[in-house]
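Chemist: Got a predicted structure here, sequence first:
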Amino acid sequence: MRVLLQKIFQFALISALAIAWIFSGWPAVWQNPRIPPEIQEALANTTTVYATSNSADGSLTGWTNPTYAYTDDGTNFTTRAGTVKNTWYGTLYGFDLSGIPDGSTINSVTITAEWKNSAADTNGPVLYLGAQSGGAEVGTATSDTSGQTTFELVTKSPAGLTAANLKATGASGFWAILRFRRTDNSTHTASVDYVKVAVDYTPIVAPTVSTQAAGSVEATTATGNGTIDATGGENANAWGVCYKTSSPCTTADSTAAGSGSGGTGAFTASMTSLSSGTTYYIKAYATNSAGTGYGSEVQILTKPAAPTSVAATDGTYTDKVTITWTKSSGATDYHVWRDAVDLGAAGDVATYDDTGAATPTITPGSAVASDGASTAQVDLSLSGASANNGTTHTYKVVASNTTGNSVDSATDTGYRGVGALTYQWQKSAADSDASYSDISGATSASYNDTGAPSDGSGRYFKVVLNATGATQQISTADRGYRLVTVYSVSITSSGSISYGLVDLSNSTTTLNHGYTQTVQNDGNTTEKLNVKSSDATGGTAWTLASSIGTNQFKHEFSTTTGSVWTVMPDSNTYVTAAPSVAQSGTASFDFRLTAPSASTDYQQKSITITVQAVAP
């Protein structure tokens, strides 16, 4: 009845659980694995077996039908009638416990025998029931037969038994020991129906493991993190993380050994020689004799390696420095550094234009203008001017992805270039450092300004300088002027002529009066001498002309002592008298005056004769 009720209860319980499951909204059976994953438990198992062999140790000989003890069928083997305080004993073995997995934890061993005495006696016989392994008893139980004729004798949990003990065979195996002892002088017979062994054990299973996020992720290294949540009944003999660039990974792939002892608890594992910029799939694992348990899978992206072949242009461009590099695997962004300045995110590119690099410069120099070096021009030149490349910068590149930045790349230097200098000379409007204007055509570093004032007046000169990429500059100014040739003469005679009284239409000469004039070249170069006569003043003016008339006179000169006379045609015209007179040389002049044919008065007249010295 007890067994039947138990079975009914179990069925009812299972039915109730099934109904509750159907109507509770629990996950469907096909939802596997559970989320979150269930921690695996090692569940206890029970194996019950009967003896299959016996041996006639001690006085077991004489017991009848000992094989009846192999089954629970109501048939008994019996002892012979005892004598005073004699003991009969024997062993039963051959318990088939091979189904217990090696390494299982033995929770309890229960040895049960059903037997009876032929008569009740408070001082009746005693039945010993015990276990033996390898010849040593490991647990006993003694019957209390007072007033009983039929009962079960049970001994539980003999100490020191292992799965290996229970599964061993032969003399080193597990035995059940029966001892029957009569304690009084009466005759009793013991009957045994069966002897059975029930072993409660927990088998070893693979460890239960969980995986935590990896840490310290660098370009080629990372730290795996895991936890052995349950050993499965036996500490792990290997544990750590497995990892691979595709999912899933197993211990057949790359592994890193974990820290710790293989028991429950967290561990770390150092992964090395990883590929930079690469996604890895990682699982924690632990292995014991039952197998390998894995945690869930996590993944990492290693940092990228530093870019290679970094190169910056050296003066190739006037408006920028261009930096190029070879991209890093797994990188999604790049930062270019100029000297110690991060120029910001460049994106997933392999080139960058640094328009903020130092600009080229112009050294304007100093203008130099000649001071009277030439009568024809002012010589202009520029001293100390130059076009200069931009400052040289040092560049490096750092790659990055969602995990972080690479180490710095190798460096290279670069700079902005500058175009060729162009020149524009300017000249002041007057003899002051102000009011400049361009000199047409003066676009070289040196220039001869023939447009400078010929009278030797000073002017200021400067240069406006330009070069592509650089800011315009202006040189310092300098004053210059043209050389003016000194033309000077002196009269070595009196310089005055007195013609005296001259009748109308008559002529007179200096030769007649001893007034020949000697003119000396006092200038600093060969000169040409020109002569001009003014009109006559005093009273009514007489006009100079090529022929005489009323109030019109004629005036002539001769440098040949009167052998050739040259007319001075009017008061405004110079006439060449001596084409070339060397420095300090002289020329002689005589003059002839022819009075007008008629005059309205007869007053004294004055005439000025001018000798001009000019370049020949």
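Modeler: All right, it came through fine. Numbers count the residues shown, from 1 in each chain.

Chemist: which sections of this structure are below the confidence cut-off?
Modeler: Applying pLDDT under 70 to the chain flags residues 1-44, 51, 53-63, 79-91, 93, 116-160, 170-173, 178-190.

Chemist: Now do the helices in it.
Modeler: 2-24, 163-167, 510-513 (DSSP state H).

Chemist: Report the contact partners of Ser597.
Modeler: 504-505, 548-550, 552 (CB atoms under 8 Å, 6 or more residues apart in numbering). For every residue, glycine as well, the C-beta is placed using N, CA and C.

Chemist: Among those residues, the buried ones, what's the PyMOL command?
Modeler: Selection of the buried residues among the contacts of Ser597 in PyMOL, burial being defined by 16 or more other CB atoms under 10 Å:
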select buried, resi 548+552
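
Chemist: Quick check: of the contacts of Ser597, which lies closest to Ser493?
Modeler: Ranked by distance to Ser493 (CB to CB), those are led by Ile548 at 27.2 Å.

Chemist: still on that earlier bit, can you add distance to Thr559 and give the contacts of Ser597 back as JSON lines?
Modeler: JSON lines is the format used below for the contacts of Ser597 (distance: CB to CB, whole Å):
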{"residue": "Leu504", "distance to Thr559": "28"}
{"residue": "Ser505", "distance to Thr559": "26"}
{"residue": "Ile548", "distance to Thr559": "23"}
{"residue": "Gly549", "distance to Thr559": "27"}
{"residue": "Thr550", "distance to Thr559": "31"}
{"residue": "Gln552", "distance to Thr559": "25"}
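
Chemist: and which of the contacts of Ser597 is nearest Asn225?
Modeler: Gln552 (131.2 Å).

Chemist: Spit out the contact partners of the closest one.
Modeler: By CB under 8 Å, 6+ apart, the neighbours of Gln552 are 542-545, 596-597.

Chemist: Show me the two of those that sit farthest apart.
Modeler: Spanning the widest gap among those are Leu544 and Ser597, at 14.5 Å by CB to CB.

Chemist: The nearest residue in space to Gly232 that is not next to it in sequence: neighbour count?
Modeler: In space, Gly232 comes closest to Val205 once its chain neighbours are excluded; the distance is 4.0 Å by CB to CB, 6 or more residues apart in numbering. Residues within reach of Val205, counting by other CB atoms under 10 Å, total 22.

Chemist: Then Val349?
Modeler: Other residues lying near Val349 total 12 when counted by other CB under 10 Å.

Chemist: I figured it hits Tyr334, correct?
Modeler: Yes - counting by CB atoms under 8 Å, Val349 does reach Tyr334; the two are 6.5 Å apart.

Chemist: Can you pull up the most central residue in the protein?
Modeler: Val398 (0.9 Å; CA atoms, centre = their mean).

Chemist: can you tell me how far the residue with the largest distance to the centre of the chain sits from Trp542?
Modeler: Centroid-distance maximum for the chain: Asp503 at 114.6 Å, with CA atoms, centre = their mean. Note on Asp503: its distance to Trp542, by CB to CB, to the nearest Å, is 14 Å.

Chemist: dump the residue contacts of Gln612.
Modeler: Contacts of Gln612 by CB under 8 Å, 6+ apart are 487, 529-532, 574.

Chemist: Name the nearest residue to Ser488, sequence neighbours excluded.
Modeler: Of all residues not flanking Ser488 in the chain, Asp522 sits nearest, at 4.0 Å (CB to CB, 6+ apart).

Chemist: ok, back up a step: angles on the backbone of the residue farthest from the centre of the chain, please.
Modeler: phi -70, psi 150 (degrees, to the nearest 10).

Chemist: Return stretch 411-424 as PDB; C-alpha atoms alone will do.
Modeler: C-alpha atoms of stretch 411-424 as PDB (Å, rounded to 0.1, in the frame of the first residue of the first chain):
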ATOM      1  CA  THR A 411      57.500  60.500 -37.800                       C
ATOM      2  CA  ASP A 412      58.400  62.500 -40.900                       C
ATOM      3  CA  THR A 413      59.100  66.100 -41.400                       C
ATOM      4  CA  GLY A 414      57.500  68.400 -43.900                       C
ATOM      5  CA  TYR A 415      57.000  72.100 -44.800                       C
ATOM      6  CA  ARG A 416      55.200  74.400 -47.100                       C
ATOM      7  CA  GLY A 417      57.100  75.600 -50.100                       C
ATOM      8  CA  VAL A 418      57.300  79.200 -51.500                       C
ATOM      9  CA  GLY A 419      57.200  80.500 -55.000                       C
ATOM     10  CA  ALA A 420      59.800  82.600 -56.700                       C
ATOM     11  CA  LEU A 421      60.200  86.200 -55.700                       C
ATOM     12  CA  THR A 422      58.700  88.900 -57.900                       C
ATOM     13  CA  TYR A 423      59.800  92.600 -57.800                       C
ATOM     14  CA  GLN A 424      58.200  95.900 -58.400                       C
END
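
Chemist: Strands along the stretch 401-550 of the chain, start to end?
Modeler: Using DSSP state E, counting those that start in this stretch, the strands of the stretch 401-550 of the chain run over 412-414, 422-428, 436-438, 447-449, 459-466, 473-474, 478-480, 489-491, 507-509, 517-521, 527-533, 543-544.

Chemist: okay, the ones you listed in CSV with distance to Ser216 and mean neighbour count next?
Modeler: Below are those laid out as CSV (distance: least, CB to CB, whole Å; neighbours: other CB atoms under 10 Å):
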stretch, distance to Ser216, mean neighbour count
strand 412-414, 31, 18
strand 422-428, 60, 19
strand 436-438, 70, 13
strand 447-449, 71, 19
strand 459-466, 57, 22
strand 473-474, 56, 16
strand 478-480, 70, 20
strand 489-491, 105, 15
strand 507-509, 125, 18
strand 517-521, 103, 20
strand 527-533, 101, 22
strand 543-544, 117, 18
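
Chemist: The ones you listed into JSON lines, with extra columns for distance to Pro101?
Modeler: Below are these laid out as JSON lines (distance: least, CB to CB, whole Å):
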{"stretch": "strand 412-414", "distance to Pro101": "67"}
{"stretch": "strand 422-428", "distance to Pro101": "96"}
{"stretch": "strand 436-438", "distance to Pro101": "106"}
{"stretch": "strand 447-449", "distance to Pro101": "108"}
{"stretch": "strand 459-466", "distance to Pro101": "94"}
{"stretch": "strand 473-474", "distance to Pro101": "94"}
{"stretch": "strand 478-480", "distance to Pro101": "109"}
{"stretch": "strand 489-491", "distance to Pro101": "143"}
{"stretch": "strand 507-509", "distance to Pro101": "163"}
{"stretch": "strand 517-521", "distance to Pro101": "141"}
{"stretch": "strand 527-533", "distance to Pro101": "138"}
{"stretch": "strand 543-544", "distance to Pro101": "154"}
